[in-house]
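A.B. asks: fold the stuff below for me.
(chains A, B, C, D, E and F)
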Number of protein chains: 4
Amino acid sequence: MPRQARAEATVDAIFEATIQLLTRAGADSLTTTRVAERAGVSVGTLYQYFPNKQALIYALNERYLEALAKRIEATCSAQAGQTAPNMLKTLIDTYWQAKTERPEVTRALYRSVADLDNSALIETFARRVDTATTAMFASACDADFADLASVNLTLVTVIFGTVRNAFERGLDSGDAEKLQGQLHLMCDAYLKALDRSSIAQTL
Amino acid sequence: MPRQARAEATVDAIFEATIQLLTRAGADSLTTTRVAERAGVSVGTLYQYFPNKQALIYALNERYLEALAKRIEATCSAQAGQTAPNMLKTLIDTYWQAKTERPEVTRALYRSVADLDNSALIETFARRVDTATTAMFASACDADFADLASVNLTLVTVIFGTVRNAFERGLDSGDAEKLQGQLHLMCDAYLKALDRSSIAQTL
Amino acid sequence: MPRQARAEATVDAIFEATIQLLTRAGADSLTTTRVAERAGVSVGTLYQYFPNKQALIYALNERYLEALAKRIEATCSAQAGQTAPNMLKTLIDTYWQAKTERPEVTRALYRSVADLDNSALIETFARRVDTATTAMFASACDADFADLASVNLTLVTVIFGTVRNAFERGLDSGDAEKLQGQLHLMCDAYLKALDRSSIAQTL
Amino acid sequence: MPRQARAEATVDAIFEATIQLLTRAGADSLTTTRVAERAGVSVGTLYQYFPNKQALIYALNERYLEALAKRIEATCSAQAGQTAPNMLKTLIDTYWQAKTERPEVTRALYRSVADLDNSALIETFARRVDTATTAMFASACDADFADLASVNLTLVTVIFGTVRNAFERGLDSGDAEKLQGQLHLMCDAYLKALDRSSIAQTL
DNA sequence: TATGAATGAGGCTTCATTCAT
DNA sequence: CATGAATGAAGCCTCATTCAT
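C.D. replies: Numbers count the residues shown, from 1 in each chain, chains lettered A, B, ... in the order given. Just a heads-up that it's a prediction; the model follows:
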């Protein structure tokens, strides 16, 4: 147990140090020596846990996406059986919150990814999220989607994309809040439009 | 003028070489020597045109965003006086097309930006686009927006964000097309919803 | 005794692992950790038996040379009182066989010696061999050497040197066999020439 | 010309520095930084001429063997048409001299080779030498070899091997001289023995 | 003005060795 | 006695940048 625990603590410290360096100074100042130093371990130790620098960055992103996916899955479970607008609202707010609560971390991770083949990571994340949100939307008490897959893809892509773009633009909090509101509105409108078109198809 | 022309050709060659390297092998293989080599000039010459490597990447992105902004501005001018749905459709398709027609270049530039303070670039780009799209929407023959700034911000952020996210997910062309259609639908629905709510407010 | 036995087994395992690594991958992949791993013990244990890496390699060579010396001594004892040509033949064949029967091991040891001050080892080995061969040649029933020391040095150096050089050239087995035959011939001729010159001197 | 000349001077300096380090301190103190330092250039420059450390050592050995091969070829040409014993004497003395005149260099190169796949080098060298010595022996005015290839291989292997072994044993100059004399004797005796056996075959 | 050899700081990584458990 | 995680000095190599030609 002490072994296991210590190892975990070490890895945590390394991750934390990585994020700190990434936020403080930018991706190019991220050296393995510096990470180890700030984490309070020797470089050798770092290399005992990560075979190389890329693996460290990869693992960091993996861990972040893992946490984010869990959070979204929790949100989706909690919303099972609710109305679609409620679901949307919760999904938007959760994701927005997640990306915004530690903006430097978010930015740091976006940057760290630059020289990394993270497509596998992204795909895994996307699949998990898609599964969760699809299940949620399927359980909506007030809607029945003709093409759930398509609707789900659209909503997820729009919401996630919008949040990222809002983030990158560096909107001030006023604009951000307004935008968040408008996004709610837009997604709701989309659902209603779908409803109408599906009724039209049914008739 | 021959001097001018030669210089321009050199700079073009350097940019092209940069993109090629970025495309072929990833950001970490982008060395000034390699860029110069592929551009058919010496490193010294490269440094005659760019004070350092960052400046080169910065200029490359600047040039790309400049072209993209011009394209969007042209689209907006061309759509002046049209119906809002038409405007939306054109805007979405233009942006989507621009990001998709040379996907490796798009990806390369996304990556190149990693260790660059490109916020000024982004801001300039955003301002130009906002001006153009705002003017366009203001000229719509079938709509009159109560809070044009807000609507504009929303649409631009949603559209650009969605396209980027779609791009990053690596959607296959079928899904991409579906998504593009749904995005049209969603934006239209948003406009209609605005209309109704504005009427409601007016009453 | 169980203690003793276990220790010996461990040391054997370490030696074996060392040779395997040396054989498989070349001297630069020979790390203490890797040796321990392959030997099925921990690095700590390895350091219980050898104060440092050099000592391990030194001991390995020592052991090899010890075995080789023993083998040569045995051959020499067995040949006591025989004819000189028989002695030569046996000496050549024994040494050739010893270096050839596990060529990768031979090569591995040659390589391992690179950054080692093995002159003491070599000298000890040389002295033992010289003693044994000198005694053997002195007992030849058909010869009486005027300058036994000189003859012995010559024969031993020529034989050992030739075998090593043949080994390094990577001769195919056909050439190797031919060469071995010629070496017999040459050594015999040498003895006869000595004989004649010694008779000449006597007259 | 100045460019070419400077480059050559630089490479020479690097080689010289490498040999110095190799002789002074042993193979494991041979670091690229140290080589560059002693050669009076920067590491970067070293790496402009040699892609990595191994390549440097390889090139050093290549150059040494090239020079040695040339020297042997010259000796062989000079001896064309002479008597076989003269040839032998010259060959032995040349090789002995070459290996002995700068013993630290010889030793250093023997060691440097440890973690290098120099089989190609050795083979090339062997082929060149074999060609030269074969031609020489074929031209002997007093001998006609039934199996020239075999005789040549034997003589070359014996001579080169003996010299190396003598070298490694660290013989004092008295013993060395004696041994050299005995080697002459032995080789001559070998030739005579061949002669007799060939006559025997002819009869 | 173009060239490209030279520079050298600094990054990544390995591995012999130690020592707390 | 054995273990193996931790250490950190030190090696190899890259690459942005300069400057003599």
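A.B. asks: the closest residue to residue A:73 other than its chain neighbours: what's it in contact with?
C.D. replies: Nearest non-adjacent residue to residue A:73, counting by CB to CB, 6 or more residues apart in numbering or on different chains: residue A:132, 4.5 Å away. Where C-beta positions appear, they are placed from N, C-alpha and C, glycine not excepted. When contacts are counted by CB atoms under 8 Å, 6 or more residues apart in numbering or on different chains, residue A:132 is found next to A:69, A:72, A:73, A:76, A:77.
A.B. asks: recalculate using a threshold of 10 Å.
C.D. replies: Residues near residue A:132 by CB atoms under 10 Å, 6 or more residues apart in numbering or on different chains: A:69, A:70, A:72, A:73, A:74, A:75, A:76, A:77, A:79, A:91, A:152, A:156.
A.B. asks: for residue B:125, see how far away the fourth one is.
C.D. replies: Per CB to CB, to the nearest Å, residue A:73 is found 36 Å from residue B:125.
A.B. asks: which residues of chain A lie near DNA strand F?
C.D. replies: A:3, A:6-7, A:10, A:33, A:41-45, A:47-49 (CB under 7 Å from any atom of the strand).
A.B. asks: quick one: buried residues of stretch A:168-184?
C.D. replies: For stretch A:168-184, a neighbour-count test (16 or more other CB atoms under 10 Å in any protein chain shown) marks A:168, A:169, A:171, A:175, A:176, A:178, A:179, A:180, A:182, A:183 as buried.
A.B. asks: which secondary structure element contains the residue lying closest to the second one once chain neighbours are set aside?
C.D. replies: In this structure, residue A:169 finds its nearest non-sequential neighbour in residue B:126, 5.7 Å apart by CB to CB, 6+ apart. When elements are assigned from DSSP states H and E, residue B:126 belongs to helix B:119-138.
A.B. asks: average pLDDT for that helix?
C.D. replies: The average pLDDT within helix B:119-138 is 95.
A.B. asks: next SSE downstream of that helix?
C.D. replies: Next along the chain from helix B:119-138, counting by DSSP H and E, comes helix B:148-169.
A.B. asks: dump that next one to PDB, keeping only the CA atoms.
C.D. replies: Extracted in PDB, the C-alpha atoms of helix B:148-169 (Å, rounded to 0.1, in the frame of the first residue of the first chain):
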ATOM      1  CA  LEU B 148     -27.700  42.700 -33.700                       C
ATOM      2  CA  ALA B 149     -24.400  42.500 -31.900                       C
ATOM      3  CA  SER B 150     -25.500  39.600 -29.800                       C
ATOM      4  CA  VAL B 151     -27.000  37.700 -32.700                       C
ATOM      5  CA  ASN B 152     -24.000  38.300 -34.800                       C
ATOM      6  CA  LEU B 153     -21.600  37.100 -32.100                       C
ATOM      7  CA  THR B 154     -23.700  34.000 -31.600                       C
ATOM      8  CA  LEU B 155     -23.900  33.000 -35.200                       C
ATOM      9  CA  VAL B 156     -20.300  33.600 -35.900                       C
ATOM     10  CA  THR B 157     -19.100  31.800 -32.800                       C
ATOM     11  CA  VAL B 158     -21.400  28.800 -33.300                       C
ATOM     12  CA  ILE B 159     -20.600  28.400 -37.000                       C
ATOM     13  CA  PHE B 160     -16.900  28.800 -36.700                       C
ATOM     14  CA  GLY B 161     -16.700  26.700 -33.600                       C
ATOM     15  CA  THR B 162     -18.800  23.900 -35.100                       C
ATOM     16  CA  VAL B 163     -16.700  23.800 -38.200                       C
ATOM     17  CA  ARG B 164     -13.500  23.500 -36.200                       C
ATOM     18  CA  ASN B 165     -14.900  20.900 -33.900                       C
ATOM     19  CA  ALA B 166     -16.300  18.900 -36.900                       C
ATOM     20  CA  PHE B 167     -12.800  19.100 -38.400                       C
ATOM     21  CA  GLU B 168     -11.100  17.900 -35.300                       C
ATOM     22  CA  ARG B 169     -13.300  15.000 -34.800                       C
END
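A.B. asks: how far is that helix from where the chain is centred?
C.D. replies: 11 Å (CA atoms, centre = their mean, to the nearest Å).
A.B. asks: name the helices or strands packed onto that helix?
C.D. replies: Applying 3 or more CB pairs under 10 Å, 6 or more residues apart in numbering or on different chains; DSSP states H and E, one finds that helix B:148-169 contacts helix A:119-138, helix A:148-169, helix A:173-202, helix B:84-100, helix B:103-112, helix B:119-138, helix B:173-202.
A.B. asks: pick the most deeply packed of these.
C.D. replies: helix A:148-169 (a mean of 22; mean count of other CB atoms under 10 Å in any protein chain shown).
A.B. asks: before we move on, back to that, quick one, what contacts the residue nearest to residue A:169?
C.D. replies: Contacts of residue B:126 (CB under 10 Å, 6+ apart): A:165, A:168, A:169, A:170, A:171, B:65, B:69, B:153, B:156, B:157, B:160.
A.B. asks: and of these, the nearest to DNA strand E?
C.D. replies: Lowest distance from DNA strand E to the contacts of residue B:126 (CB to the nearest atom of the strand) belongs to residue A:168, with 25.6 Å.
A.B. asks: for the residue lying closest to residue A:125 once chain neighbours are set aside, what are phi and psi?
C.D. replies: Leaving aside its chain neighbours, residue A:125 sits nearest to residue A:65 (4.5 Å; criterion: CB to CB, 6+ apart). Here is the backbone geometry of residue A:65 (degrees, to the nearest 10): phi -70, psi -30.
A.B. asks: what's the burial count for residue A:65?
C.D. replies: The local packing of residue A:65 (other CB atoms under 10 Å in any protein chain shown) involves 19 other residues.
A.B. asks: relative to residue C:117, which of the helices and strands packed on helix B:148-169 is closest?
C.D. replies: helix A:119-138 (51.5 Å; CB to CB).
A.B. asks: that closest one: how far from the chain's middle?
C.D. replies: 11 Å.
A.B. asks: quickly find the element holding whatever residue of chain A ends up closest to DNA strand F.
C.D. replies: Residue nearest to DNA strand F within chain A: residue A:44 (2.0 Å; CB to the nearest atom of the strand). Residue A:44 belongs to helix A:43-49 when assigned by DSSP H and E.
A.B. asks: can you pull the contacts of residue A:122?
C.D. replies: A:61, A:65, A:113, B:168, B:169, B:170.
A.B. asks: circling back to that earlier point, which pair of the residues of chain A next to DNA strand F spans the longest distance?
C.D. replies: Among the residues of chain A next to DNA strand F, A:3 and A:33 lie farthest apart (CB to CB), at 25.5 Å.
A.B. asks: got any ranges where chain A has weak pLDDT?
C.D. replies: By pLDDT under 70, the low-scoring segments of chain A are A:1-3, A:198-203.
A.B. asks: appreciated, that's everything.
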